[in-house]
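Kindly generate the corresponding structure for this input.
(one chain, ligands or ions: 2)
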Amino acid sequence: MPRYAQLVLGPAGSGKSTYCSSMVKHGEVVRRTINVVNLDPAAEHFDYPVFADIRELIEIDDAMDDQALRFGPNGGLIFCMEYFERNLDWLQEQLGEDEDDYFLFDCPGQIELYTHVPIMRRLVNQLQNWNFRVCGVFLIDAQFCVEQSKFLSGMLTALSSMIQLEIPFIHVLSKVDVLSKRDKKRLKKFIDPDVYQLANCELSNKFLGRYSQLNKAIASVIYDYSLVKFYTLDMSKEDSITNLLTEIDLSIQYGEDFDVKEPKEIEANEQDEFHDDDDS
Ligand SMILES: Nc1nc2c(ncn2[C@@H]2O[C@H](COP(=O)(O)OP(=O)(O)OP(=O)(O)O)[C@@H](O)[C@H]2O)c(=O)[nH]1
Ligand SMILES: [Mg+2]
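Ligands and ions are numbered 1, 2, ... in the order given. Next up is the predicted model:
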């Protein structure tokens with residue numbers, strides 16, 4: 001039986017850890033076990049029950065306090081992730097070998113990990129060797145959408161991660177509950193955006209107008225990768241979480257391998273329950 005993994009990605013503060021804890025809570029409601037692994041050596045706070053924590057292997061202070069290394073926060077984080085990459089047997093030990101496990105990996109927000117540093121790609125390869133079906137869930141703070149150029153830059157980061165990791169991706173606009181009614185209406189044009197229209201919309205802005213060729217080129221790259229589908233996540237609505245999890249499960253064919261109960265099996269179970277009721 002395959003195992004299932006979501007790499008929860010996105011810029012710092014986009015809502016990755018909050019997403020993980022809301023998925024765990026949702027799992028409890030629908031009686032599904034969803035485990036979370038913290039992969040952020042610099043994490044200070046999260047409120048989900050952590051199944052495995054990279055900080056038991058190495059944490060950011062180990063790198064930054066070392067007088068010989070003399071790292072700053074970003075260099076220290078990359079150092080920690082390189083150390084993690086050399087010690088993936090630690091992760092294997094933590095994950096165990098149970099079948100049809102479902103894990104969320106709460107990843108660091110540093111962009112370097114998704115542009116040119118190969119660590120996350122190696123992690124994906126290793127998880128796939130351990131029989132995991134892996135997808136990327138990329139969060140962009142919906143408040144980014146107030147300005148098209150910010151939104152386009154968020155999309156480029158998502159595109160870079162897609163190219164780097166070569167796994168199915170679900171793109172999420174997070175923190176929708178924070179938006180005003182007006183901004184929620186404006187959001188519609190970002191869910192299935194006409195990227196060309198977006199790229200051109202700032203021509204009026206004198207400064208940005210000079211970059212119209214660049215914006216058009218960015219738009220065509222994004223369009224070619226059919227990146228433009230976004231899902232919204234409004235934490236205040238249970239069905240928003242349900243719908244998003246359904247899309248993600250589809251992208252990793254979660255549940256396709258469960259043995260479908262034959263009708264007679266279901267009937268027999270119902271009979272048993274029926275008799276049990278009689279005996280009680
Ligand atoms: N209103 C609202 N606030 C949110 C939501 N998701 C996250 N936040 C807030 O946004 C801030 C950052 O959320 P985190 O979940 O820590 O973001 P993160 O991506 O894990 O951040 P890093 O680990 O630093 O990269 C916190 O103050 C959260 O309470 C949301 O859906 N709605
Ligand atoms: Mg976090």
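
contacts and neighbour counts: CA atoms only from here.
Will do.

right, quick check: stretch 60-67 against ligand 1, any contact?
No - Stretch 60-67 does not reach ligand 1 (Cα under 6 Å from any ligand atom); its nearest approach is 13.0 Å.

how deep is the residue of the stretch 101-250 of the chain found nearest ligand 1 tucked in, by neighbour count?
As assessed by Cα to the nearest ligand atom, ligand 1 sits closest to residue 175 within the stretch 101-250 of the chain, at 3.6 Å. Residue 175: 21 surrounding residues under other Cα atoms under 10 Å.

Quick check: the gap between residue 4 and residue 110.
Going from residue 4 to residue 110 by Cα to Cα, to the nearest Å gives 24 Å.

about what we covered before: contacting residues for the residue of the stretch 101-250 of the chain closest to ligand 1?
Residues in contact with residue 175 (Cα atoms under 8 Å, 6 or more residues apart in numbering) are 15, 141, 142, 143, 233, 234, 235.

hmm, try it at 6 Å
Applying Cα atoms under 6 Å, 6 or more residues apart in numbering to residue 175 gives the contacts residue 142.

roughly how far apart are it and residue 56?
Residue 175 sits 30 Å away from residue 56, going by Cα to Cα.

Which stretches in the stretch 151-280 of the chain count as strands?
169-174, 231-232 (DSSP state E, counting those that start in this stretch).

Residue 43: which element?
Counting by DSSP states H and E, residue 43 is held by no secondary-structure element, helix or strand.

Roughly how far does it sit from residue 82?
Distance of residue 43 to residue 82, given as Cα to Cα: 17 Å.

May I see the strands of the stretch 151-280 of the chain arranged in a markdown table, with mean neighbour count as well?
Formatted as a markdown table, the strands of the stretch 151-280 of the chain follow (neighbours: other Cα atoms under 10 Å):
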| stretch | mean neighbour count |
| --- | --- |
| strand 169-174 | 22 |
| strand 231-232 | 21 |
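
Export those to a markdown table and append columns for mean pLDDT and distance to residue 147.
Formatted as a markdown table, the strands of the stretch 151-280 of the chain follow (pLDDT from 0 to 100; distance: least, Cα to Cα, whole Å):
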| stretch | mean pLDDT | distance to residue 147 |
| --- | --- | --- |
| strand 169-174 | 94 | 14 |
| strand 231-232 | 92 | 17 |
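
Using CSV, lay out those together with distance to residue 219.
Converted to CSV, the strands of the stretch 151-280 of the chain look like this (distance: least, Cα to Cα, whole Å):
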stretch, distance to residue 219
strand 169-174, 16
strand 231-232, 19
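
and residue 32, which of those is closest to it?
strand 169-174 (20.5 Å; Cα to Cα).

Please save the CA atoms from that closest one in CSV.
Presented in CSV, the C-alpha positions along strand 169-174 are these (Å, rounded to 0.1, in the frame of the first residue of the first chain):
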residue,chain,number,x,y,z
PHE,A,169,1.3,21.0,-7.0
ILE,A,170,-1.8,22.5,-5.4
HIS,A,171,-1.6,26.3,-5.1
VAL,A,172,-3.5,27.9,-2.3
LEU,A,173,-4.4,31.4,-1.5
SER,A,174,-4.3,31.4,2.3
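
what helices or strands is that strand leaning on?
Packing contacts for strand 169-174, counted by 3 or more Cα pairs under 6 Å, 6 or more residues apart in numbering; DSSP states H and E, involve strand 132-141, strand 231-232.
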